[in-house]
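coordinates only, no sequence provided:
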């Protein structure tokens with residue numbers, strides 16, 4: 001944990017791919033602030049994903065940082081097939097056929113195959129289909145069995161394997177496929193920290209994914225990707241069933257329209273944080289940096305806007321997976337996050353859940369800690385934690401005060417890397433001498449340059465150290481003099 005990186009509260013997720021397979025590149029990404037590595041099951045075999053997850057663990061250990069792994073399920077393949085020449089041009093007003101029974105490689109300007117076999121059951125004449133993130137628009141003219149005849153509304157170049165969306169939503173494809181079920185087993189075997197479910201429609205999809213993951217031996221948390229109209233309609237129950245919510249703005253923007261996307265993003269982030277869950281903002285955040293070494297001003301504003309909305313993490317996709325400057329993108333993203341965070345300080349008094357009744361003792365301690373910290377001159381919050389749950393509740397409150405999760409549990413250390421403003425520190429929390437614990441913790445933070453003698457800090461802990469969910473105490477102390485901390489460290 002480097003001091004410079006730890007002061008950035010918003011976390012960075014980056015997708016790994018061919019551009020990051022070189023050790024030197026990935027090491028620089030980790031050094032520049034990578035918090036969570038995303039492994040996309042849509043690209044790469046289980047063997048490749050295993051190699052990449054092992055590479056992350058090895059290089060993170062060498063650099064001295066904690067990096068979590070997020071596995072992203074492919075979901076239903078709502079895509080067209082391929083064209084004989086790789087690409088076609090569609091003219092406005094031209095007829096175009098979508099046929100699931102056509103040869104997958106035989107597409108022409110007259111028609112193409114579709115992987116989604118039941119499209120004809122989900123559409124009717126007059127519906128609008130959007131391809132390639134909305135670049136191509138088709139209106140449904142007629143339906144003949146499984147064949148969907150359309151007329152081109154908005155033409156242009158169309159290449160292989162592009163996605164299909166129904167404007168306004170309504171495609172009935174289940175969120176989990178047989179491939180996803182096999183990939184869930186792989187995610188469990190590889191001990192992934194987070195598992196993202198694509199094209200979620202309802203809380204039932206999340207509960208099904210969780211059950212499959214746990215029965216496969218997985219211990220990670222479940223992320224719901226919000227990219228369907230149906231998911232927005234069911235957002236409150238999905239938040240309740242999930243551990244984290246990803247605003248996947250690509251497909252979501254296509255289905256619901258781009259005009260309202262920014263407001264929708266803000267609403268989802270706000271609802272997610274209020275529900276004590278983790279919020280992730282994704283898709284095209286620094287898209288120009290696939291080729292360029294610098295982001296556009298619009299991209300800078302986009303990332304900063306998400307940070308100021310309170311998102312826990314911002315995510316990079318093709319920018320790092322196949323881009324020319326993976327490590328530079330991480331550096332640029334970190335700088336933008338830090339810049340945006342300067343406009344959110346402890347002077348902002350959050351009213352988060354002030355009228356709620358808390359259900360758990362550790363939840364009440366977390367809320368009391370943040371209220372105290374935001375109204376008292378406190379330099380740091382130190383949570384002696386087994387599961388990390390206390391720090392998750394703390395991180396829902398807007399604050400510029402760092403929260404350090406001191407834990408002996410490696411899985412917890414990786415998990416909290418996604419929580420806004422929370423930083424893991426490896427520490428044996430089973431020690432019984434409280435004074436020794438306080439001195440050791442303060443000495444370690446002092447050595448890292450994160451506190452100074454005389455600073456006021458808040459500790460949270462449980463009477464029974466090492467027991468998950470046992471946090472029941474908050475203690476405010478002043479960091480001891482350097483001589484006292486050095487003596488305590490020497491006594492160890």
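Received it, and whenever you're ready, just let me know what you need. Treat the numbers as computed from the prediction; the structure is a model and nothing was measured.

gap between residue 185 and residue 244?
Distance, residue 185 to residue 244, by C-beta to C-beta, to the nearest Å: 21 Å. Where C-beta positions appear, they are placed from N, C-alpha and C, glycine not excepted.

please disregard the earlier target; I meant residue 341.
Residue 341 is 20 Å from residue 244, by C-beta to C-beta.

show me where the chain dips below the pLDDT cut-off.
Residue ranges of the chain with pLDDT under 70: 1-6, 344-356, 431-432, 463-469, 485-492.

quick one: the strands in the stretch 151-300 of the chain?
Using DSSP state E, counting those that start in this stretch, the strands of the stretch 151-300 of the chain run over 156-159, 164-166, 194-197, 221-226, 244-248, 278-282.

any chance you could list what contacts the last one?
Strand 278-282 is contacted by residues 13, 221, 223, 225, 243-249, 265, 268-269, 272-273, 306, 309-315, 317, 392, 418-419 when judged by C-beta atoms under 8 Å, 6 or more residues apart in numbering.

redo that, cut-off 7 Å
Residues outside strand 278-282 that contact it (C-beta atoms under 7 Å, 6 or more residues apart in numbering) are 13, 223, 243-249, 265, 269, 272-273, 306, 310-315, 418-419.

so what are the sheet partners of that strand and their directions?
strand 244-248 (parallel), strand 313-316 (parallel) (DSSP bridges).

including mean neighbour count, could those strands go into a markdown table?
Below are the strands paired with strand 278-282 laid out as a markdown table (neighbours: other C-beta atoms under 10 Å):
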| stretch | mean neighbour count |
| --- | --- |
| strand 244-248 | 27 |
| strand 313-316 | 26 |
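
Serialize those to JSON lines and add fields for distance to residue 403.
Shown next, in JSON lines, are the strands paired with strand 278-282 (distance: least, C-beta to C-beta, whole Å):
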{"stretch": "strand 244-248", "distance to residue 403": "17"}
{"stretch": "strand 313-316", "distance to residue 403": "15"}
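
outline the domain layout of this structure.
3-75+174-341, 87-166, 361-491 (automatic domain parsing).

ok, which of those comes nearest residue 81?
Closest to residue 81 of these, according to C-beta to C-beta: domain 87-166, at 3.5 Å.

what about that closest one, distance to the chain center?
The chain centroid and the centroid of domain 87-166 are separated by 32 Å under C-alpha atoms, centre = their mean, to the nearest Å.

ok, now stretch 14-24?
18 Å.

repeat that for stretch 9-20.
For stretch 9-20 - counting by C-alpha atoms, centre = their mean - the centre lies 10 Å from the chain centre.

list the contacts for residue 292?
So residue 292 contacts nothing (C-beta under 7 Å, 6+ apart).

and it, how close does it get to residue 322?
14 Å.

repeat for residue 21
11 Å.

check residue 436 too.
Counting by C-beta to C-beta, the gap from residue 436 to residue 322 is 50 Å.

for residue 410, which non-adjacent residue is closest in space?
Nearest residue to residue 410 in three dimensions, chain neighbours excluded: residue 426, at 7.8 Å (C-beta to C-beta, 6 or more residues apart in numbering).

tell me the bridge partners for that neighbour.
On the basis of DSSP bridges, residue 426 is bridged to residue 407.

and the strands paired with strand 278-282: which comes nearest residue 68?
Shortest distance between residue 68 and the strands paired with strand 278-282, using C-beta to C-beta, is found for strand 313-316: 10.2 Å.

does anything pack onto the next helix or strand along the chain from that closest one? Which helices or strands?
Where DSSP states H and E defines the elements, the next helix or strand beyond strand 313-316 is helix 318-321. Contacts defined by 3 or more C-beta pairs under 7 Å, 6 or more residues apart in numbering; DSSP states H and E place helix 318-321 against strand 11-15, helix 326-341.

neighbouring contacts of helix 318-321?
Residues from elsewhere that reach helix 318-321 (C-beta under 7 Å, 6+ apart): 14-17, 19-20, 286-287, 289-290, 326, 329.

what sits closest to residue 161 if chain neighbours are left out?
residue 79 (5.3 Å).

quick one, phi psi at the one you found?
Here is the backbone geometry of residue 79 (degrees, to the nearest 10): phi -140, psi 160.

for the residue nearest to residue 172 when sequence neighbours are not counted, what are its contacts?
Excluding the flanking residues, the one nearest residue 172 by C-beta to C-beta, 6+ apart is residue 122, at 5.4 Å. Residue 122 is in contact with 166, 170-172, counting by C-beta under 7 Å, 6+ apart.

and if we set it to 10 Å?
Residues counted as contacts of residue 122 (C-beta atoms under 10 Å, 6 or more residues apart in numbering) are 78, 116, 148, 166, 169-173.

ranking the residues you listed by neighbours, who comes first?
residue 148 (25 neighbours; other C-beta atoms under 10 Å).

that one belongs to a strand?
Yes. Counting by DSSP: H, G, I helix; E, B strand; the rest coil, residue 148 is located in a strand.

ok, and the closest non-adjacent residue to it?
Here the residue nearest residue 148, using C-beta to C-beta, 6+ apart, is residue 98, at 4.4 Å.

surely the one you found touches residue 151?
No. Using C-beta atoms under 10 Å, residue 98 makes no contact with residue 151, being 11.8 Å away.

quick check: neighbours shared by these two?
Taking C-beta under 10 Å, 6+ apart as the contact rule, residue 98 and residue 151 both touch 138, 140.

who has more neighbours, those two?
residue 98 (25 against 15).

contact partners for the more buried one?
Shown in contact with residue 98 (C-beta under 10 Å, 6+ apart): 80-81, 111-114, 116, 119-120, 123, 129, 131, 138, 140, 146-150, 164.

identify the bridge partners of it.
Applying DSSP bridges, one finds that residue 98 bridges with residue 112, residue 148.

now it: how far from residue 89?
17 Å.

quick one: the helices and strands packed on helix 318-321 as a markdown table, columns for mean neighbour count and distance to residue 57 too.
Output for the helices and strands packed on helix 318-321, formatted as a markdown table (neighbours: other C-beta atoms under 10 Å; distance: least, C-beta to C-beta, whole Å):
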| stretch | mean neighbour count | distance to residue 57 |
| --- | --- | --- |
| strand 11-15 | 27 | 15 |
| helix 326-341 | 21 | 18 |
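
residue 200 is nearest to which of those?
strand 11-15 (17.8 Å).

appreciated, that's everything.
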